[in-house]
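Undergrad: From the sequence below, what's the structure:
(one chain, ligands or ions: 1)
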Amino acid sequence: MEYRVGQKHQVIGIDYTHDGLGVAKIDGFTIFVQNLIIGEEAEVEITFVKKSFLVGKIVKLLKISPDRIQPLCPIATACGGCQFQHLDYKKELEYKKSKVIRAFHNIAKMDLEVDEVLGSDDPYHYRNKIIMPIGYDKRKNLIHGFYRYRSHEIVAMDQCYIEDKRSAPIIHTIKDLMKELAYDPYDEDTLKGDIRKIMIRTSYYYDEIMVVIITNKETLPDWDIFTKSLLQAHPEITTLIQNINLGETNVVLGNKEIVVSGSGKIKDKLCGLEFSISSKSFYQVNVKQTEKLYQKAIEIANLKIDETVLDAYSGIGTIGMILAKHVHKVIGVEVVRQAVNDAKHNALINDIKNIEFHEADAGDFILKLEEKRVKIDTVFVDPPRKGLDEKFISGLLKLKAKSIVYISCDPATLARDVALLSELYKVEKLVVVDMFSRTYHVESIVHLVLKRELEF
Ligand code: SAH
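TA: Presented below is the predicted three-dimensional model:
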């Protein structure tokens with residue numbers, strides 16, 4: 001049969017994709033349908049035709065799943081931020097578990113069981129960092145919001161139901177001030193405009209808020225009025241930063257920063273320790289779930305007091321510092337200078353003496369450790385989405401630490417890397433942690449144990 005855009009068909013939801021779309025079949029041919037729940041029957045309209053699959057949208061639900069709930073967010077369907085606002089939270093956790101199992105099955109050719117799924121007590125309003133684009137709608141009204149799925153069209157929002165509630169009023173004031181001062185939002189096509197994006201970080205444990213205005217110019221007229229008015233309207237902002245990004249890039253932050261008010265950092269707590277965080281340093285977005293993640297990772301590592309631990313991709317030093325009291329020594333390595341500086345400062349404020357931080361590429365660093373015959377007992381790795389690179393993996397295989405705790409925000413790269421390490425390591429435990437509730441993203445922890453260690 002020939003499929004065309006606009007055709008309507010009746011389908012049944014049978015599965016979900018790795019990025020949270022419903023999957024159905026039309027005479028055996030795959031169609032992806034946003035928001036279709038497994039078991040539901042729907043009339044769908046084809047919106048996109050490809051050689052091996054179709055994309056469609058729901059026109060009418062004919063049989064509604066008992067797992068369907070009313071989304072809290074009125075723009076949940078249009079906005080590309082969340083994928084599961086319409087699904088019962090327990091089912092979202094089931095999806096996340098199966099997503100990780102499948103990644104291991106398909107990519108690593110390993111059939112693993114998930115030992116635990118750590119769900120969230122509150123899957124809403126958890127995000128402590130937002131990077132918000134601002135733009136014009138068709139009538140040239142200033143709008144803010146996330147992009148529509150797979151597009152660069154902003155879907156106007158009033159507030160976001162997964163971000164900290166303190167962010168939205170600040171964004172609204174910024175938009176009002178932009179209107180008053182005739183500041184244009186950045187246009188990705190023409191590369192013109194005044195303000196590119198707004199980044200807001202909120203502290204979970206303290207009344208602290210960092211606002212970063214990312215400008216497309218070194219200076220803006222009436223900048224003083226803008227910043228003073230913003231701070232006056234929101235005394236809860238404890239530090240305000242101008243970040244200048246003149247690059248033709250979609251990298252959010254530029255190199256140059258001017259601290260307009262406050263210290264240029266905010267502080268927060270994790271597992272009882274205090275952390276100071278700069279704008280460019282990585283910090284997990286969901287504090288409550290991060291505490292569960294770290295506690296679990298440390299528990300399964302089964303650390304001994306005479307051990308030396310490598311905390312690779314250490315960011316501001318969170319994991320290493322939290323586990324430092326259980327071991328003899330911790331060595332952290334991180335590539336972003338601001339983060340390394342934050343980590344060193346954080347070790348001082350928490351009075352942790354058995355930890356050191358190095359600014360380096362983790363791959364280069366681990367090879368050096370191996371050359372110098374530094375004995376590492378346990379390695380914690382927590383890389384970005386792209387996972388570990390070849391250099392780091394070859395370093396790990398040479399280093400032969402007795403155990404590795406791999407924390408990952410992308411099951412696909414995790415499975416790829418674990419397959420490479422399986423030459424020497426065996427998976428002892430797999431835990432799924434819901435850090436990014438209501439979205440398709442999933443965090444997991446894998447505990448790998450050196451095979452030789454298991455034999456003796
Ligand atoms: N463990 C920290 C940070 C994890 S995020 C935490 O839980 O908060 C991953 C970190 O890896 C980021 O801080 C990023 O800057 C760092 N990173 C990315 N590529 C790197 C590389 N090649 N070498 C070392 N660190 C790297």
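
Undergrad: State the next helix or strand along the chain beyond the strand or helix carrying residue 42.
TA: Using DSSP states H and E, residue 42 sits in strand 41-49. Following strand 41-49 in sequence order, the next helix or strand is strand 54-63 (DSSP H and E).

Undergrad: which strands and helices sit next to the strand holding residue 42?
TA: If you count contacts as 3 or more Cβ pairs under 8 Å, 6 or more residues apart in numbering; DSSP states H and E, strand 41-49 packs onto strand 8-12, strand 29-33, strand 54-63. No exception for glycine: its C-beta is placed from N, CA and C like everyone else's.

Undergrad: Out of those, flag the one nearest the ligand.
TA: The ligand lies closest to strand 29-33 among the helices and strands packed on strand 41-49, at 30.2 Å (Cβ to the nearest ligand atom).

Undergrad: for that closest one, packing partners?
TA: strand 8-12, strand 22-26, strand 41-49, strand 54-63.

Undergrad: and the second one, what's its mean pLDDT?
TA: To tie it back to what came earlier, the one meant is strand 22-26. In this model, strand 22-26 carries a mean pLDDT of 98.

Undergrad: and among the helices and strands packed on strand 29-33, the most buried is which?
TA: A comparison of the helices and strands packed on strand 29-33 by mean neighbour count, using mean count of other Cβ atoms under 10 Å, puts strand 22-26 on top with a mean of 20.

Undergrad: Could you export that strand as CSV, CA atoms only?
TA: Provided in CSV are the C-alpha atoms of strand 22-26 (Å, rounded to 0.1, in the frame of the first residue of the first chain):
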residue,chain,number,x,y,z
GLY,A,22,4.1,5.5,20.8
VAL,A,23,4.6,2.7,18.3
ALA,A,24,1.9,1.1,16.2
LYS,A,25,1.6,-0.9,13.0
ILE,A,26,-0.4,-0.3,9.8
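
Undergrad: domain parsing for the protein?
TA: Following automatic domain parsing, one gets these domains for the chain: 8-68, 97-121+286-454, 129-269.

Undergrad: Show me what residue of the stretch 151-300 of the chain gets nearest to the ligand.
TA: residue 282 (3.6 Å).

Undergrad: Just the buried positions in the helix ranked longest in the chain, please.
TA: For the chain, the longest helix by residue count, based on DSSP state H, is helix 89-107. By 16 or more other Cβ atoms under 10 Å, the buried positions in helix 89-107 come out as 89, 91-93, 95-97, 99-101, 103-104, 107.

Undergrad: wait, which of those is closest to residue 436?
TA: Residue 436 has its nearest neighbour among the buried residues of helix 89-107 in residue 96, at 9.1 Å by Cβ to Cβ.

Undergrad: is it true that residue 295 lies in a helix?
TA: Yes: counting by DSSP: H, G, I helix; E, B strand; the rest coil, residue 295 is located in a helix.

Undergrad: Count the neighbours of the closest residue to the ligand within the chain for me.
TA: As assessed by Cβ to the nearest ligand atom, the ligand sits closest to residue 315 within the chain, at 2.8 Å. Counted with other Cβ atoms under 10 Å, the neighbours of residue 315 add up to 22.

Undergrad: Now it. Nearest residue, chain neighbours left out?
TA: Of all residues not flanking residue 315 in the chain, residue 282 sits nearest, at 4.4 Å (Cβ to Cβ, 6 or more residues apart in numbering).

Undergrad: so who does residue 345 touch?
TA: residue 276 (Cβ atoms under 8 Å, 6 or more residues apart in numbering).

Undergrad: got the buried residues for stretch 199-212?
TA: 199-204, 208-212.

Undergrad: Pipe the residues you listed into TSV and attach secondary structure and distance to residue 441 per row.
TA: TSV is the format used below for these (DSSP: H, G, I helix; E, B strand; the rest coil; distance: Cβ to Cβ, whole Å):
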residue	secondary structure	distance to residue 441
199	strand	19
200	strand	20
201	strand	19
202	strand	20
203	coil	22
204	coil	19
208	coil	26
209	strand	24
210	strand	23
211	strand	25
212	strand	23
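
Undergrad: quick one: which two of those residues are the most distant?
TA: 204 and 212 (18.2 Å).

Undergrad: Could you pull out the strands in the stretch 151-300 of the chain for me?
TA: Here the stretch 151-300 of the chain has its strands, by DSSP state E, counting those that start in this stretch, at 195-202, 209-215, 239-244, 256-261, 265-270, 273-278.

Undergrad: Which neighbouring elements make contact with the fourth one?
TA: Spelled out, that is strand 256-261. Using 3+ Cβ pairs under 8 Å, 6+ apart, strand 256-261 is in contact with helix 223-233, strand 239-244.

Undergrad: How far off centre is the longest one?
TA: Okay, so that is helix 223-233. Between the centre of helix 223-233 and the centre of its chain there are 31 Å (Cα atoms, centre = their mean, to the nearest Å).

Undergrad: do the shortest one as well
TA: Here strand 239-244 is found 22 Å from its chain centre; the criterion is Cα atoms, centre = their mean.

Undergrad: Just list what it packs against, helices and strands only.
TA: strand 209-215, helix 223-233, strand 256-261.

Undergrad: between those, which one is nearest to residue 23?
TA: strand 209-215 (37.5 Å).

Undergrad: Excluding its own residues, what touches the closest one? List them.
TA: Strand 209-215 is contacted from outside by 166, 170, 174, 194-203, 230, 234, 236-245, 252-254, 262, 265-266, 277, 279, using Cβ under 8 Å, 6+ apart.

Undergrad: State the separation between it and the centre of the chain it belongs to.
TA: Using Cα atoms, centre = their mean, the offset of strand 209-215 from its chain centre is 19 Å.

Undergrad: Also stretch 74-92?
TA: 17 Å.

Undergrad: Same question for stretch 165-181.
TA: Stretch 165-181 sits 24 Å away from the centroid of its parent chain (Cα atoms, centre = their mean).

Undergrad: buried sites along that stretch?
TA: Neighbour-count burial for stretch 165-181 [16+ other Cβ under 10 Å]: 166-168, 170-171, 173-175, 177-178.

Undergrad: helix/strand/coil for residue 444?
TA: Three-state assignment for residue 444 (three-state DSSP): strand.

Undergrad: Surely it and residue 414 touch.
TA: Yes: using Cβ atoms under 8 Å as the test, residue 444 is close enough to residue 414 to be in contact (6.2 Å).

Undergrad: Using a markdown table, lay out the strands of the stretch 151-300 of the chain together with mean pLDDT.
TA: Listed next are the strands of the stretch 151-300 of the chain as a markdown table, based on pLDDT from 0 to 100:
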| stretch | mean pLDDT |
| --- | --- |
| strand 195-202 | 97 |
| strand 209-215 | 98 |
| strand 239-244 | 98 |
| strand 256-261 | 98 |
| strand 265-270 | 98 |
| strand 273-278 | 98 |
